[in-house]
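Novice: just coords:
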């Protein structure tokens, strides 16, 4: 999953060699230098934003837009779930359960076009975001794995 899938600013594809606007350059640098835990916080924030946009779209009767927001939110939740290998040992199982529930409730909200499952997902993601912010602030990021044989050899 690339950045364009998670944080689309428009429907067009960006030229990687084109100069960036100052805000885009700042955003790109913030993403490139963020710790894994900070990236998780950013993913939570984007999923929360998408769920809010889906609620607004449902209220406005824009079913296709709501479905698009929910699909993107589900992809982010699935990405969060797949990346749990970097979670602290005891927390991984709890985060797994939260993400699995959030994913199921997003599917339900999309299928039945209901607000209640979305409200639950927003609460789950908000708690998850706060937990990852606390983890990022309270302990240093995990160290990179040791270099493999090919990287360690200086020849």
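Specialist: Yes, it's here. Since the structure is predicted, the reported quantities are computational estimates derived from the model, not experimental observations. Numbers count the residues shown, from 1 in each chain.
Novice: so where does residue 61 fall, helix or strand?
Specialist: Assigned by DSSP states H and E, residue 61 belongs to neither a helix nor a strand.
Novice: Measure how buried it is and give me the count.
Specialist: 9 (other Cβ atoms under 10 Å). Yep, even glycine has a C-beta here, placed from its N, CA and C like the rest.
Novice: how near is it to residue 85?
Specialist: 41 Å (Cβ to Cβ, to the nearest Å).
Novice: Now do stretch 73-81, average pLDDT.
Specialist: Mean per-residue pLDDT for stretch 73-81: 95.
Novice: which residues touch it?
Specialist: Residues from elsewhere that reach stretch 73-81, judged by Cβ atoms under 8 Å, 6 or more residues apart in numbering: 1, 5-6, 40, 43-44, 46-47, 50-51, 54, 95-96, 99-100, 102-103, 106-107, 110, 121, 125, 128.
Novice: run the last query once more with 6 Å
Specialist: Residues outside stretch 73-81 that contact it (Cβ atoms under 6 Å, 6 or more residues apart in numbering) are 1, 43, 47, 50, 51, 99, 102, 103, 106.
Novice: next one: stretch 101-121
Specialist: 51, 55, 67, 70, 73, 74, 77, 124.
Novice: just to revisit the earlier point, for the contacts of stretch 73-81, work out which two are farthest apart.
Specialist: The span of the contacts of stretch 73-81, defined through Cβ to Cβ, is set by 1 and 51 at 17.6 Å.
Novice: Which one of the two is surrounded by more residues?
Specialist: residue 51 (29 against 11).
Novice: Now do the residue nearest to the spatial centre of the chain against residue 125, distance only.
Specialist: By Cα atoms, centre = their mean, the mean C-alpha position of the chain lies nearest to residue 43, the distance being 2.3 Å. As for residue 43, its distance to residue 125 is 9 Å (criterion: Cβ to Cβ).
Novice: Which residue ranges of the protein form helices?
Specialist: Secondary structure of the chain, counting by DSSP state H: helices at 3-6, 22-33, 36-59, 63-82, 91-112, 115-138, 149-152.
Novice: Which of those helices has the lowest mean pLDDT?
Specialist: helix 149-152 - the lowest mean pLDDT of the helices of the chain, at a mean of 47.
Novice: residues near the nearest residue to residue 126 once chain neighbours are set aside, how many?
Specialist: Sequence neighbours aside, residue 48 is the residue nearest to residue 126 in space, at 6.4 Å (criterion: Cβ to Cβ, 6 or more residues apart in numbering). By other Cβ under 10 Å, 19 other residues sit near residue 48.
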